[in-house]
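A.B. asks: just a sequence and a predicted model for now, questions to come.
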Amino acid sequence: MRFKEVIGHSRIKKHLINMVRENRVSHAQLFGGPEGVGKINLALAFAQYLNCHDRQEEDSCGVCKSCLKYAKLIHPDLHFVFPVVKSPKHKNPVSDSFLTQWRQFVLEKRYFNIRQWFTFLEADKQGLIYSQESQEIIKKLSLKTFEAKYKVMIIWLPEKMHVAAANKLLKLLEEPPEGTVFLLVSDHPSDILGTIQSRAQLLKIPALEKEDISKALQAEYDIGTEACDRFAKLAVGNYVAAQEIISQGEERSFFFDKFVSLMRSAYGRKLFELIDWCDDMNKQPKERQKNFFEFALRLIRENFMMNIQEEDLLYLTPEEENFSLRFSPFINDNNVLQLSEEFSLAHAHLEQNGNARIILMDLCLKVIMLLKQ
């Protein structure tokens with residue numbers, strides 16, 4: 001991937017290029033920032049530039065042997081570590097077990113998040129970077145470089161790393177093999193082992209500018225400027241969210257209908273309707289249930305912003321805005337934090353493999369009480 005393929009972040013790109021040109025490349029760098037802002041894309045573009053045979057002033061050349069292999073993610077000195085899932089076929093999985101799928105996924109999606117990766121793998125449970133990955137990392141980095149000046153190890157979401165693997169990684173970061181560059185790409189840097197954080201140079205990647213997202217959407221989709229501006233605002237700096245808003249119209253419509261029916265039934269204390277609601281949501285895949293909770297959290301926040309008349313901070317579709325005009329008075333100082341906490345707690349319990357039906361029913365009962373405050 002070249003820098004010109006990465007949306008926005010002109011300041012970050014310039015910083016990375018200058019780092020290489022001035023020969024001050026740190027052996028361990030942590031690209032930290034919110035989801036969907038292009039951190040993995042910047043890491044890939046940086047790695048390609050690092051090993052390009054004919055570096056240009058603002059980008060890699062894109063045509064040398066190294067760049068061509070990087071473009072297909074098949075360079076022998078480019079290594080990946082990422083969360084994987086256990087299955088009957090992969091009882092002790094490591095990243096290389098899924099390398100073919102990973103390359104296909106990254107090249108097709110370009111911008112993505114962990115939920116999309118697990119969906120691509122058709123996984124119905126959470127994945128990790130398991131402890132056995134540490135042996136693979138040591139084995140790969142013990143070899144000399146094949147073709148390039150630098151061996152590059154990109155670790156996507158190191159916060160998902162098993163503590164045993166993290167401790168082995170720590171030893172490598174303390175005494176890195178010659179010519180090795182670690183690029184850690186994290187959505188939640190604070191969740192990474194503190195000793196690893198302290199040994200990596202943190203590069204904070206901010207949310208994308210609305211204008212950059214809008215331009216990228218216009219280039220990718222056959223949509224007018226006004227619509228792209230609206231989607232870009234709704235995405236709040238997250239390009240993956242902007243793509244999902246466009247491509248998952250039916251999914252968002254489903255979530256919106258479920259949110260409306262939950263709030264109406266809870267406000268009317270219609271227990272039988274809520275039981276039916278729970279039964280229907282319980283039939284949905286776990287990832288879809290979690291995505292609904294995230295959607296609901298967003299709508300609660302937006303309705304509170306509407307209630308306190310912060311119109312500049314509103315990020316609603318026309319359909320959501322029409323509903324919120326009537327619903328927002330019920331989301332106020334007395335219940336907004338508790339409602340948010342309950343939906344966040346339900347999300348966390350699902351991630352811990354709790355019983356979905358019990359979680360959903362408990363949530364419904366809490367919403368009944370909180371809407372009356």
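C.D. replies: All right, it came through fine.

A.B. asks: just the mean pLDDT for stretch 200-217, thanks.
C.D. replies: Stretch 200-217 carries an average pLDDT of 94.

A.B. asks: measure it end to end?
C.D. replies: Start-to-end span of stretch 200-217 (C-alpha to C-alpha, to the nearest Å) is 33 Å.

A.B. asks: in it, which residues are buried?
C.D. replies: 200, 203, 205, 207-208, 210, 212-217 (16 or more other C-beta atoms under 10 Å). (C-beta placed from N, C-alpha, C; glycine too.)

A.B. asks: any low-confidence regions in the stretch 151-300 of the chain?
C.D. replies: Applying pLDDT under 70 to the stretch 151-300 of the chain flags residues 248-249.

A.B. asks: quick one, helices of it?
C.D. replies: Secondary structure of the stretch 151-300 of the chain (DSSP state H, counting those that start in this stretch): helices located at 163-174, 194-197, 210-220, 225-235, 239-247, 249-267, 271-282, 286-307.

A.B. asks: for the first one, name the packing helices and strands.
C.D. replies: Packed against helix 163-174, as judged by 3 or more C-beta pairs under 8 Å, 6 or more residues apart in numbering; DSSP states H and E, are the following elements: helix 133-141, strand 180-186, helix 194-197.

A.B. asks: now the fifth one
C.D. replies: Where contact means 3+ C-beta pairs under 8 Å, 6+ apart, helix 239-247 is packed against helix 210-220, helix 225-235, helix 249-267.

A.B. asks: the ones you listed into a markdown table, with extra columns for distance to residue 320?
C.D. replies: Below are the helices and strands packed on helix 239-247 laid out as a markdown table (distance: least, C-beta to C-beta, whole Å):
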| stretch | distance to residue 320 |
| --- | --- |
| helix 210-220 | 18 |
| helix 225-235 | 9 |
| helix 249-267 | 6 |
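
A.B. asks: of all these, which one comes closest to residue 367?
C.D. replies: Each of these has some distance to residue 367 by C-beta to C-beta; the shortest is helix 249-267, at 4.3 Å.

A.B. asks: in the closest one, what's buried?
C.D. replies: Neighbour counts over helix 249-267 (16+ other C-beta under 10 Å) mark 252, 254-256, 258-259, 261-263, 265-266 as buried.

A.B. asks: chain center to that helix, what's the gap?
C.D. replies: 24 Å (C-alpha atoms, centre = their mean, to the nearest Å).

A.B. asks: give me the angle between it and helix 286-307.
C.D. replies: Relative orientation of helix 249-267 versus helix 286-307 (axes from the mean of the first three to the mean of the last three C-alpha atoms, to 10 degrees): 70 degrees.

A.B. asks: what does helix 249-267 rub up against?
C.D. replies: By C-beta atoms under 8 Å, 6 or more residues apart in numbering, the surrounding residues in contact with helix 249-267 are 244-245, 273-274, 277, 281, 288, 291-292, 295-296, 299, 317, 319-320, 323, 327, 330, 364, 367-368, 371.

A.B. asks: rewinding a little: reformat the buried residues of stretch 200-217 as a markdown table; add distance to residue 14.
C.D. replies: Shown next, in a markdown table, are the buried residues of stretch 200-217 (distance: C-beta to C-beta, whole Å):
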| residue | distance to residue 14 |
| --- | --- |
| 200 | 21 |
| 203 | 12 |
| 205 | 14 |
| 207 | 18 |
| 208 | 16 |
| 210 | 21 |
| 212 | 15 |
| 213 | 20 |
| 214 | 22 |
| 215 | 19 |
| 216 | 19 |
| 217 | 24 |
